[in-house]
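Structure for the following, please:
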Amino acid sequence: MIKLAYFALLGLFAVILLVAVVYYLVKPAPSGDSSVGWALGIFYLLGLFMIVLIALLFWKNKIIGVAVLCIPLLFVLLPAIQSGARDLYAWFPAAKAGPLTLHIANNTRALVNVKVECWFGDREGSQQSLYKTLEFTSKPLAVDQHLLSDHDTRLLSEKSAFVRIVYFECLQQSGSGYSYVREIQPCMQFQDLPIERFRTKDYLVTIDGEKNSEAFRAEVKRLKSDSLYQNGVF
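Numbering: from 1, shown residues only. Take a look at the predicted model:
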């Protein structure tokens, strides 16, 4: 079994190396931002070649050879392992929280898409990742209530490092016999909140057009000048 695994992995990596070498010899090097990925691919290719070379040195001890050849597989599986660990962390029961009702009060005449983002990692550090986004559409001058599931309540009140609420104005447009809704980028505004804010039965989200960011205002001005802001309200 070990012998079969050794030769199978060795053959697989040999084919990958051969295809990669042919690819780099035939295709000309790109310029600009694409050149970074090109150089990084060569770096990985050299690393894989060194792994195969080390594995060949253990030709007579195939157990060590298989262990060496499994190193690239670990790098490939690492994102899946990290994702599974995050899912397990998010699923694992925590202190009883909820039920939580999210109240969204839209004080504008715009159709607004509200995204409640659950961020994992260190809030004060640079290692942060977006785990889940809860999306709600708020009609103009409307007040809506959304009862969250126990899982989503735990994410907001216990599991996340922090919660970010982002607001996007949506334009209802039509063309070629169909209609669609388009988000205006960048967002109208956003706010980062500590998870302690959601350890309550009710949480109110208020949409106020007077707090829109300068970046959003500048984009709206540009769209108006290009006649691309039909049905907008700001």
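
Around the closest residue to residue 202 other than its chain neighbours, count how many other residues there are.
In space, and not counting its chain neighbours, residue 202 is closest to residue 101: 5.1 Å by Cβ to Cβ, 6 or more residues apart in numbering. No exception for glycine: its C-beta is placed from N, CA and C like everyone else's. Neighbour count for residue 101, taken as other Cβ atoms under 10 Å: 15.

can you pull the contacts of residue 101?
Listed by Cβ atoms under 8 Å, 6 or more residues apart in numbering, the contact set of residue 101 reads 145, 146, 147, 148, 201, 202, 203.

Among those, give me the pair with the biggest separation.
Greatest spatial distance among those (Cβ to Cβ): 146 and 201, at 13.1 Å.

more neighbours, the two?
Ranked by neighbour count (other Cβ under 10 Å), residue 146 and residue 201 place residue 146 first, with 15 against 8.

ok, and the closest non-adjacent residue to the more buried one?
Residue 146 sits nearest to residue 102 (Cβ to Cβ, 6+ apart), 4.5 Å away.

next one: residue 99
Looking at residue 99 with Cβ to Cβ, 6+ apart, the closest residue is residue 147, at 6.1 Å.

can you list the domains in the protein?
Following automatic domain parsing, one gets these domains for the chain: 2-91, 101-225.

Any chance of JSON lines for those domains, columns mean pLDDT and distance to residue 234?
JSON lines is the format used below for those (pLDDT from 0 to 100; distance: least, Cβ to Cβ, whole Å):
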{"stretch": "domain 2-91", "mean pLDDT": "79", "distance to residue 234": "33"}
{"stretch": "domain 101-225", "mean pLDDT": "90", "distance to residue 234": "5"}
